[in-house]
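In: turn this into a structure:
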Amino acid sequence: MILAVSSLAALIASLGVRSTRQYAAQHSPLRSGAFHSAPNGGGLTILIVVLVLFMPFGLSMSADPSLVTRFSLAATLMASIGFYEDLRTLPRLVRLLVQAVAAFTFVPAVPLTRLALPVLDLELPLWLGYAIATLWLVGLTNVYCYMDGINGLASGQAVLAASLWAFIGWLCGAPLVTFLAALIGGSALGFTVYNLPPRSIFLGETGGSFLGFSLAALPLMCIGQGESPRLFISGILIMSLFTFDAALTLVRYLLAGKVEPRANRSHLYQRLLKLGDKPLHVLWLYLLLSAGFGVAGLLYWYAAMPSILFAVGMVCLTLYIWIKRREAQHDFLSNTLVTKDDPSHP
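Out: Numbering: from 1, shown residues only. Sure, this is the predicted structure:
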């Protein structure tokens, strides 16, 4: 079932993306030989494919129709904010407030009442569970938009993460989660074919917002259907490379006394590109690490061991230290070459 649903979604999304590309090429002021400005319609295609298939079939397989309608409404609102940002920029505070409203539309259907940490199983007051879930949904939505900077990175991560959630949903006996995750993974795969080099279409804020929100919603949906509360931490682990990269960038800007710009060049993957790594190599590095973190998420679901969180943290820290050392070596070599080429140097 998972393979069939994913294949259908991938086929429809692929056809939709192709049509979007053709339309954009015909109506772009830059004709075929100068098609440097790839359209952003790929994300809108993913949104349409997922929701058009999810809403009717999801309602038929869910014991709680409000879960389907609330997810669809919240996802559409999130994507609409992204669509507006594809055209013009919203003030940061306004964007976050509207996203919080969109997230809160969904949260009551999946109340987070417990938080299963390695050594603690906390019972949460309803207001605190709502706050944590809203922060998670809004946070990952924005993180996903920040991380869409390499061909295939954001959509490839969506394929990987959604496949894991489809597998988890199948193991849990949660058909709604399995179905939605299969749709997301298949649609993202159909888009990724056109997002790889030479990239001819972008995910855009529309697609980034929708995928980020959806991947944050899947663990909450599992928990809301009676599955282990450990799945919330599993969801964080599956997306930990993205969240670590974005959080590290934000901390660097805050320590510098700056507000992080919407489009910056300080993420770890962008720093690897500055060091001369090929985009495809960086893409594979991120996807391989994310696959490992996905396994860590599965293991945490099975046994909430502190060593799993420690291992993921150490891998992220090692990645950061490795990049910092390479940057230091690169700067040293650059300064050495400049000094040798300077005729005023004795």
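
In: where is the longest helix in this protein?
Out: helix 306-341 (DSSP state H).

In: list the helices and strands that one packs on?
Out: Under the contact definition 3 or more Cβ pairs under 8 Å, 6 or more residues apart in numbering; DSSP states H and E, helix 306-341 sits against helix 230-238, helix 240-255, helix 268-274, helix 279-302. C-beta coordinates here come from the backbone N, C-alpha and C atoms, glycine included.

In: for those, which one ends up most surrounded?
Out: Greatest average neighbour count among the helices and strands packed on helix 306-341 goes to helix 230-238 (a mean of 24), per mean count of other Cβ atoms under 10 Å.

In: what average pLDDT does that helix get?
Out: What helix 230-238 shows for mean pLDDT is 94.

In: thinking again about what came up before, tabulate the helices and strands packed on helix 306-341 (TSV), appending distance to Ile150.
Out: Formatted as TSV, the helices and strands packed on helix 306-341 follow (distance: least, Cβ to Cβ, whole Å):
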stretch	distance to Ile150
helix 230-238	19
helix 240-255	12
helix 268-274	6
helix 279-302	5
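
In: among those, which is nearest Thr113?
Out: helix 230-238 (10.8 Å; Cβ to Cβ).

In: pLDDT on stretch 92-112, on average?
Out: For stretch 92-112, mean pLDDT is 93.

In: from Pro306, how far off is the closest residue to Met305 other than its chain neighbours?
Out: Using Cβ to Cβ, 6 or more residues apart in numbering and skipping residues adjacent in sequence, the residue nearest Met305 is Pro118, 6.3 Å away. For Pro118, the distance to Pro306 equals 4 Å [Cβ to Cβ, to the nearest Å].

In: my read: Pro219 touches Ser234, true?
Out: Yes: counting by Cβ atoms under 8 Å, Pro219 does reach Ser234; the two are 6.4 Å apart.

In: and the angle from whichever strand or helix holds Ser187 to helix 230-238?
Out: Element membership for Ser187 (DSSP states H and E) is helix 175-195. Relative orientation of helix 175-195 and helix 230-238, computed by axes from the mean of the first three to the mean of the last three Cα atoms, to 10 degrees: 10 degrees.

In: any buried residues in helix 175-195, and which?
Out: Neighbour counts over helix 175-195 (16 or more other Cβ atoms under 10 Å) mark 175-192, 194-195 as buried.

In: where does pLDDT dip in the protein?
Out: 23-41, 197-200, 254, 256-265, 337-346 (pLDDT under 70).

In: give me that answer again for 50
Out: 30-37, 263, 345 (pLDDT under 50).

In: ok, and what's touching stretch 135-144?
Out: 74, 78, 96, 99-100, 103, 106-107, 154, 208-209, 211-213, 215-217, 220, 232, 235-236, 239, 242-243, 246 (Cβ atoms under 8 Å, 6 or more residues apart in numbering).

In: swap in stretch 79-99?
Out: With Cβ under 8 Å, 6+ apart as the test, stretch 79-99 has contacts from 40, 43-44, 47, 77-78, 102, 138, 141-142, 145, 204-210, 213, 259, 262.

In: on that earlier part again, could you point out which element follows the helix holding Ser187?
Out: helix 204-224.

In: how far off helix 230-238 does that next one point, in degrees?
Out: On the basis of the same axes, to 10 degrees, helix 204-224 is oriented at 150 degrees to helix 230-238.

In: quick one on the thing from earlier: who has more neighbours out of Pro118 and Pro306?
Out: Taking other Cβ atoms under 10 Å, Pro118 and Pro306 do not tie; Pro118 has more neighbours (16 against 11).

In: torsion angles phi and psi at the residue nearest to Met305?
Out: Phi and psi for Pro118, reported as degrees, to the nearest 10, are phi -50, psi -40.

In: isn't it up against Leu309?
Out: Yes: between Pro118 and Leu309 there is a contact at 6.4 Å, judged by Cβ under 8 Å.

In: ok, of the contacts of stretch 135-144, which come out buried?
Out: 74, 78, 96, 99-100, 103, 106-107, 154, 208-209, 211-213, 215-217, 220, 232, 235-236, 239, 242-243, 246.
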